[in-house]
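K.L.:
A structural model of the following input is requested.
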Amino acid sequence: MTHLDADARTAAAPPATITPAATGLTSAQVADRVARGQVNDVPVRSSRSLTEIVRANVLTRFNAIIGVLWVIMLIVAPIQDSLFGFVILANTGIGIVQEWRAKKTLDSLAVIGEVRPTVRRDGTAAEISTSRIVLDDLIEIGPGDKVVVDGVCVEADGLEIDESLLTGEADPVVKKPGDQVLSGSFVVAGGGSFQATRVGREAYAAQLAEEASRFTLVHSELRSGISTILKYVTWMMVPTATGLVISQLVVKDNELKDSIARTVGGIVPMVPEGLVLLTSVAFAIGVIRLGRKQCLVQELPAIEGLARVDTVCLDKTGTLTEGGMDVTELRVLGDGDEAYLRKVLGELGSADPRPNASLQAIVDAFPDTTEWRLTDTLPFSSARKYSGATFVEEPGRAAVTWLLGAPDVLLDAGDPALSETVRMNEQGLRVLLLARARDGADVDDPAAAVGVRPVALVVLEQRLRPDAADTLRYFAEQDVRAKVVSGDNAVSVGAVAAKLGLSGTAVDARRLPGDREAMARELDEGTVFGRVTPQQKRNMVGALQSSGRTVAMTGDGVNDVLALKDADIGVAMGSGSEATRAVAQIVLLNNSFATLPSVVAEGRRVIGNITRVATLFLVKTVYSVLLAVLVVISQVEYPFLPRHLTLLSTLTIGVPAFFLALAPNKERARPDFVRRVMRYAIPGGVLAATATFTTYLIARQHYSGEGSLEAETSAATLTLFLISIWVLAIIARPYTWWRIGLVAAMGGAFLLVLVVPWLQHFFALKLVGMTMPWTAAGIAVVAAGVLELLWRWVDRRIPA
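P.N.:
Predicted structure coming up:
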């Protein structure tokens, strides 16, 4: 059993300025601080209140426009001309319910994946929720732990904290008692404790975290593209609607109420009111679906982002392999005494209160059985690649320093032990070197690693994740390139990757160029990279991004935090370090790498389907604006009442769009959302408006006398419906049985309106005679044929 000597205990003792003793606050002191409100009340990540959800869905620019028009129609026209308002109410209600469901899913998962710091109270350490931390609490920290509030260091045992996410400083900062620690930083080596001095919104990183970590639907190409489209639509609407109002209410000498109804009928369909709603619903349902698979989406656009990824950087340990390891062999070098070396390894294991996976395997294999006195320790660091400790084996004897770490870091290039290490690495085994430092060497001094005497190799076997090979195969089939970046020996990492079906030469990252462009070229050619430092992982992500790649990074250890933060999408394992889970956009709570294809598929469903649906909505917007322009120029009555366009919108856009937006879609995500949507919407809308207005003008010549306007409207409605249903039929491709059924059902519903007398009356739709209805259908058929040819031409001339 290791004993900490008096000098080491003195170094770790808190200074007199620290108020709580090493036992932490008492229950009475905690209760007093809670009563005074000195609690860490930072909002839960991913949380959005019901009020915010309602406000976001109700208080929109287009809802305001539609709301005003709805009130006007309720006053001046029959209820059937106000149906569009009830549709908006239903849409808004659906949006609120789905986002609320998504919020509940996220919040319940966030509780599972929440950082739970260890706090010492009444002399006992226990994990608690971050929201229960109070001012002056004594919080214990170790490797991978995130500093959740600001404080002052009380105890330090080789404590090194990375503050790069806050300050940009790449090198870890060694902390001693009395030093300040900042929330948002994380521990990379060693351990200790600190006293909370600022909690809640006063903490250094809390305000940033509150802004950056909220449940949000923004900052995605999809939503920014839709916002751009809506901005242009608004610009088009204002002058067109103004002209329509003047033409219908001032120039045309019609009955006032009818003129108002037809004016509103021209303005309402210009608004693509359901587009934003369906995007929100698609994202929200994506969150709920992934939540059922124990996948926590901490930022909603991450669903879309992962679908756009073309390069995935994978950390080997904990991602391709399971977290645990097993010691398979202790290979003694030279004439060493194996029994003695087992004791040394037992002491090294017990010297670290928070062992990593490798050291935990050694702790399990070599229990501590001695009474040696520990005088100094050096915790493992991913940057150093080794740990160490200094012991006095018997009173009166000189202290001995032992190091345990990467053989290729501790040994000179020509050492014979390295060739033996390489042979085992080629089998995918992890090998650690146990070495004795020079007499008198200080374990904290980097020079202690120079001129060491190798005494044994500790051979560890890593457990491959059973689902890793299938997941990597999925990414290969989807043209997503996988790069394995690991701090382990390159040959060992390459052997593990080969077992999983990843080909390519293993590259030692220490030989990679520092220049970003040159590094990007090396990364493009290679697949497996070993001996990668945490800063190098970050640089590699940056180099890939600079060459136009969209990069996802997966990891679970503290050495992955910087790269996860900089990647386009960061994916952490639920069992990973607190810091890793805190910076990732997606957390796989079930630790299953196999969940990633589900996330990609969900993102592709959202992007692909919203692109389809957006085309439907914007064809309507284009033909509505153009029809209004043609009416103003021609000085004729607007051909439709609101009820007609409510019927058409429901059957050719609203109902089909809902089903299409939620359908499976494996199409790979492509950039330039706005261009891909508008290249179909503009020609489709122009053709629909031209054909409809042609039918309307012919009908005006054909019909005369009482009821002529209703007959003209019915003929124009037939043409517009037939073209719109053909647009839907094109958008629904490739056909499946349910898509064919969907299009047929919408056509059948319109036919029902035309043949059922009370529906004819309700919607003011009645085809008069034989000549004009067949003319209207003929114009629609010709327009549909031209549309088919036009969209095929667009596909060739303006590729997606």
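K.L.:
Helix or strand: which one has the residue nearest in space to the middle of the chain?
P.N.:
Centroid check for the chain by C-alpha atoms, centre = their mean gives residue 302 as the closest residue, at 2.0 Å. Residue 302 belongs to helix 301-308 when assigned by DSSP states H and E.
K.L.:
That helix - contacts with which helices or strands?
P.N.:
Contact here means 3 or more C-beta pairs under 8 Å, 6 or more residues apart in numbering; DSSP states H and E; on that basis helix 301-308 packs against helix 221-246, helix 273-291, strand 569-573, helix 596-634. Heads up, the C-betas are built off the backbone N, CA and C, glycines and all.
K.L.:
6 Å instead, please
P.N.:
When contacts are defined as 3 or more C-beta pairs under 6 Å, 6 or more residues apart in numbering; DSSP states H and E, helix 301-308 packs onto strand 569-573, helix 596-634.
K.L.:
Show me the one of those that comes nearest residue 782.
P.N.:
Checking the helices and strands packed on helix 301-308 against residue 782 by C-beta to C-beta gives helix 596-634 as the closest, at 16.2 Å.
K.L.:
Report the buried residues of that closest one.
P.N.:
Within helix 596-634, the residues that qualify as buried are 596-632, counting by 16 or more other C-beta atoms under 10 Å.
K.L.:
now stretch 392-406
P.N.:
For stretch 392-406, using 16+ other C-beta under 10 Å, the buried residues are 392-393, 399-406.
K.L.:
For residue 593, which residues are in contact?
P.N.:
By C-beta atoms under 6 Å, 6 or more residues apart in numbering, the contact set of residue 593 is 319, 465, 467-468, 471.
K.L.:
can we see that at 10 Å?
P.N.:
314, 318-322, 465-468, 470-472, 554, 571, 573 (C-beta atoms under 10 Å, 6 or more residues apart in numbering).
K.L.:
rewinding a little: inside strands: which ones of the buried residues of stretch 392-406?
P.N.:
Mapping these onto strands (DSSP state E) picks out 392, 400-405.
K.L.:
would you turn the helices and strands packed on helix 301-308 into JSON lines with mean pLDDT?
P.N.:
Shown next, in JSON lines, are those (pLDDT from 0 to 100):
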{"stretch": "strand 569-573", "mean pLDDT": "86"}
{"stretch": "helix 596-634", "mean pLDDT": "85"}
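K.L.:
rewinding a little: export the buried residues of stretch 392-406 to CSV and tack on distance to residue 246 and pLDDT?
P.N.:
Putting these into CSV (distance: C-beta to C-beta, whole Å; pLDDT from 0 to 100) gives the following:
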residue, distance to residue 246, pLDDT
392, 97, 88
393, 99, 85
399, 95, 88
400, 96, 89
401, 91, 91
402, 90, 91
403, 86, 93
404, 85, 92
405, 82, 89
406, 80, 89
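K.L.:
Which two among these are spaced furthest apart?
P.N.:
Counting by C-beta to C-beta, the most remote pair of the buried residues of stretch 392-406 is 392 and 406, 26.8 Å apart.
K.L.:
Please report how far the residue of the chain most remote from its centre lies from residue 711.
P.N.:
Each residue of the chain has a distance to the centre, and by C-alpha atoms, centre = their mean the biggest one is for residue 705: 62.4 Å. Separation of residue 705 from residue 711 (C-beta to C-beta, to the nearest Å): 10 Å.
K.L.:
picking that back up, so the residue farthest from the centre of the chain: helix, strand or coil?
P.N.:
coil (DSSP: H, G, I helix; E, B strand; the rest coil).
K.L.:
quick one, what contacts it?
P.N.:
residue 711.
K.L.:
State the distance from it to residue 559.
P.N.:
84 Å.
K.L.:
and which of the buried residues of stretch 392-406 is nearest to residue 678?
P.N.:
Distances from residue 678 to these, taken by C-beta to C-beta, are shortest for residue 406, at 55.1 Å.
K.L.:
Now the closest residue to that closest one other than its chain neighbours. Its backbone dihedrals?
P.N.:
Leaving out its chain neighbours, the residue that sits closest to residue 406 by C-beta to C-beta, 6 or more residues apart in numbering is residue 385, at 4.2 Å. Main-chain torsions, residue 385, degrees, to the nearest 10: phi 70, psi 20.
K.L.:
Distance of residue 385 relative to residue 686?
P.N.:
65 Å.
K.L.:
Pick out whichever of those two has more residues nearby.
P.N.:
residue 385 (20 against 16; other C-beta atoms under 10 Å).
K.L.:
Let me have the helices and strands packed on helix 301-308 in a markdown table, adding distance to residue 787 as columns.
P.N.:
Output for those, formatted as a markdown table (distance: least, C-beta to C-beta, whole Å):
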| stretch | distance to residue 787 |
| --- | --- |
| strand 569-573 | 38 |
| helix 596-634 | 10 |
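K.L.:
Can you check which of those gets nearest to residue 731?
P.N.:
helix 596-634 (5.1 Å).
K.L.:
Now the element after that closest one, going C-ward?
P.N.:
Downstream of helix 596-634 (by DSSP H and E), the next one is helix 642-649.
K.L.:
what's the angle between that following helix and helix 596-634?
P.N.:
150 degrees (axes from the mean of the first three to the mean of the last three C-alpha atoms, to 10 degrees).
K.L.:
Just after helix 642-649, pick out the following helix or strand.
P.N.:
That would be, after helix 642-649 and using DSSP H and E, helix 655-662.
K.L.:
list the buried ones in that next one?
P.N.:
Buried, per 16+ other C-beta under 10 Å, within helix 655-662: 656-658, 660-662.
K.L.:
Closest one to residue 35 out of these, please.
P.N.:
Using C-beta to C-beta, the buried residues of helix 655-662 come closest to residue 35 at residue 662, 49.0 Å.
K.L.:
Just the pLDDT at that closest one, thanks.
P.N.:
According to the prediction, residue 662 has pLDDT 78.
K.L.:
Check residue 367 too.
P.N.:
Predicted confidence (pLDDT) at residue 367: the value is 86.
K.L.:
Now it. Its backbone dihedrals?
P.N.:
phi -70, psi 150.
K.L.:
Can you give me the neighbour number for residue 200?
P.N.:
With other C-beta under 10 Å as criterion, residue 200 counts 17.
K.L.:
circling back to that earlier point, among the buried residues of stretch 392-406, which one sits closest to residue 337?
P.N.:
residue 393 (13.1 Å).
K.L.:
Ramachandran angles for that closest one?
P.N.:
Per degrees, to the nearest 10, the backbone of residue 393 is at phi -80, psi -40.
K.L.:
Run through the bridge partners of the closest residue to residue 381 other than its chain neighbours.
P.N.:
Of all residues not flanking residue 381 in the chain, residue 189 sits nearest, at 4.0 Å (C-beta to C-beta, 6+ apart). Beta-bridge partners of residue 189, counted by DSSP bridges, are residue 160.
K.L.:
for residue 189, what are its contacts?
P.N.:
By C-beta under 10 Å, 6+ apart, the neighbours of residue 189 are 142-144, 157-162, 172, 174, 352, 354, 378-384, 387, 558.
K.L.:
of those residues, buried ones?
P.N.:
Looks like the contacts of residue 189 have 142-144, 157-162, 172, 352, 354, 378-384, 387, 558 buried, using 16+ other C-beta under 10 Å.
K.L.:
Tell me which entries of those lie within strands.
P.N.:
Per DSSP E, the buried ones among the contacts of residue 189 map to strands at 157-162, 378, 387.
K.L.:
Let me have these in TSV, extended by pLDDT.
P.N.:
As requested, those are arranged in TSV below (pLDDT from 0 to 100):
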residue	pLDDT
157	83
158	81
159	88
160	87
161	87
162	80
378	86
387	88
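K.L.:
Just the closest of these to residue 543, please.
P.N.:
Among those, and counting by C-beta to C-beta, the member closest to residue 543 is residue 162, at 20.7 Å.
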